[in-house]
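[1] Pasted the sequence and its predicted model underneath.
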There are 2 protein chains.
Amino acid sequence: MRTILEAAERVFAANPAATMEQVAQAAGVARTTVHRRFATREALVEELTGWAARQFAEAVASAHTDSTPPLVALYQVTANVLRVKTDWWFAMGRTADGAHPEAARVHAEVRDGCDRLFRRAREAGVLRPDADLDWTRRVYYALIHEAAAEGASGGGDAEALATRVVDTLLRGFGSAAAPVIA
Amino acid sequence: MRTILEAAERVFAANPAATMEQVAQAAGVARTTVHRRFATREALVEELTGWAARQFAEAVASAHTDSTPPLVALYQVTANVLRVKTDWWFAMGRTADGAHPEAARVHAEVRDGCDRLFRRAREAGVLRPDADLDWTRRVYYALIHEAAAEGASGGGDAEALATRVVDTLLRGFGSAAAPVIA
DNA sequence: ATTACTCGCTACATTCATGTTGCAAGTACG
DNA sequence: CGTACTTGCAACATGAATGTAGCGAGTAAT
């Protein structure tokens, strides 16, 4: 059961259109055995999505983003999410598309939490007063996505990646002395 | 011919696994007519990919990134690429995966050009001396991707998006006064 | 040893996208 | 008017993936 889910994650991460046969092969079982556990392909993906959603929610919750200083919370939640996302690359991508109710709920709650955190960060002077929080969140998600891709291919631990993500998000790559466009 | 390609782009952008039937329907022709132009589905995607690769190469070349000041070049190439990418979302994603030789070549050249530009920018003091240029490029690509997604759903013109991308890349979202992690 | 359970395997049915072919209708051009 | 070209349509063939069912072997527990 768990063996199959983990195999499915690996296979689907490499190729989202992979076949049940490939999943079975990766899990070291027969295709019919996979069907015994998960009646349909859709059921398998759903289970995988739910599993990832729970891990995701747990990772975010354990960072206590509402009660610690914004900068610490940002770093903590980033590291926690990266830990999950590097191992559940495919399934985490499924949490966003709304098909799975539980995953959609988790996703919405995390989004709200992210907005609250960014608002607190702005009030605390961590984020610029004129930062567009919507764009900020999208960039933040994209950075996590990118860092997780690097982590999934063996590119360092979650703490180091999180440090880089937060540093990039806050400072960018420009030198302090450089002129700015606008 | 062009009608079909544009329809395919729209359909595949919404759903990369879309069927030939859906493409034909979107183009207002019969499925067999699509097959008359493009023998196989693969051929259709290849044509689309090549088309996008040429537009991509042209967009990058016309920014003269090797001969203008780094900051200007960065802004110009960003705006040019965004103009193409908002209209050829799906096809542009195909230029990276190496299956199409011409697209792979274009992609590699652009990547080299990007590295040269970033190197010049670093020497000119636009980028920090300690900026990891590999990570910088990946973040830059991700920002363009994100901005193009916004642009594709009617979120402003390429110039405004490019300004935001470059600004985010260089400055991030942190306030100058805020402490930094590392 | 008997029971219960799980697994692998073979075989089959079904569905769906793909690709092909032939034909009839329409249009443009000489 | 006749020719050439394109299109839509219907029909068919194929292949791949999905999902189902039954049988026999292996294993663990009682």
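    It's in.

[2] alpha carbons only for contacts and neighbour counts from here, please
    Noted.

[3] Run a quick neighbour tally on residue A:151.
    20 (other CA atoms under 10 Å in any protein chain shown).

[4] do the same with residue A:163
    Residue A:163 has 18 neighbours, counted by other CA under 10 Å.

[5] which ones are touching residue A:173?
    Contact partners of residue A:173, counting by CA atoms under 8 Å, 6 or more residues apart in numbering or on different chains, are B:127-128, B:131, B:136, B:169-172.

[6] rerun that using 10 Å as the cut-off
    Listed by CA atoms under 10 Å, 6 or more residues apart in numbering or on different chains, the contact set of residue A:173 reads A:167, B:122, B:126-133, B:135-136, B:139-140, B:167-172.

[7] Tell me which of these fall in helices.
    Judged by DSSP state H, these include A:167, B:122, B:133, B:135-136, B:139-140, B:167-171 as members of helices.

[8] What about the closest residue to residue A:171 other than its chain neighbours, how many residues nearby?
    Once flanking residues are discounted, residue A:171 sits nearest to residue B:172: 4.6 Å by CA to CA, 6 or more residues apart in numbering or on different chains. For residue B:172, the count of nearby residues is 25 (other CA under 10 Å).

[9] quick one: pLDDT of residue B:172?
    With respect to pLDDT, residue B:172 has a value of 97.

[10] Also residue A:177?
    63.

[11] and what of the one 5 residues further on?
    Looking at residue A:182, its pLDDT stands at 50.

[12] Helices of chain A, start to end?
    For chain A, the helices defined by DSSP H occupy A:2-14, A:20-27, A:31-37, A:41-61, A:70-87, A:89-94, A:101-123, A:133-152, A:158-171.

[13] would you list the ones you listed in TSV and tack on distance to residue B:8?
    Shown next, in TSV, are the helices of chain A (distance: least, CA to CA, whole Å):
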stretch	distance to residue B:8
helix A:2-14	25
helix A:20-27	28
helix A:31-37	34
helix A:41-61	26
helix A:70-87	32
helix A:89-94	24
helix A:101-123	29
helix A:133-152	27
helix A:158-171	36
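
[14] Quick check: the farthest pair among the ones in helices among the contacts of residue A:173?
    Comparing all pairs in the ones in helices among the contacts of residue A:173 by CA to CA, the longest separation belongs to A:167 and B:122, at 17.8 Å.

[15] Please determine how far the nearest residue to residue A:66 once chain neighbours are set aside is located from DNA strand D.
    Spatially, and ignoring its direct neighbours in sequence, residue A:66 is nearest to residue A:117 (6.9 Å; CA to CA, 6+ apart). Distance of residue A:117 to DNA strand D, given as CA to the nearest atom of the strand, to the nearest Å: 40 Å.

[16] Pull the number of nearby residues for residue A:117.
    Neighbour count of residue A:117, defined by other CA under 10 Å: 21.

[17] Who are the packing partners of the least confident helix or strand in chain A by mean pLDDT?
    Taking mean pLDDT, DSSP states H and E as the measure, chain A has helix A:89-94 as its least confident helix or strand, at a mean of 93. Applying 3 or more CA pairs under 10 Å, 6 or more residues apart in numbering or on different chains; DSSP states H and E, we find helix A:89-94 packed against helix A:2-14, helix A:41-61, helix A:70-87, helix A:101-123, helix A:133-152.

[18] which of these is buried the deepest?
    Each of the helices and strands packed on helix A:89-94 was scored by mean neighbour count; the highest is helix A:70-87, a mean of 21, by mean count of other CA atoms under 10 Å in any protein chain shown.

[19] Show me what from chain A comes close to DNA strand D.
    Taking CA under 7 Å from any atom of the strand as the criterion, the neighbours of DNA strand D within chain A are A:18-21, A:32, A:35, A:39-42.

[20] Any idea which residue is closest to the centre of chain A?
    The centroid of chain A falls nearest to residue A:85 when counting by CA atoms, centre = their mean (4.6 Å).

[21] Name all residues that make contact with that residue.
    Contacts of residue A:85 by CA under 10 Å, 6+ apart are A:52, A:55-56, A:59, A:79, A:91-93, A:144-145, A:147-149, A:151-152, A:158.
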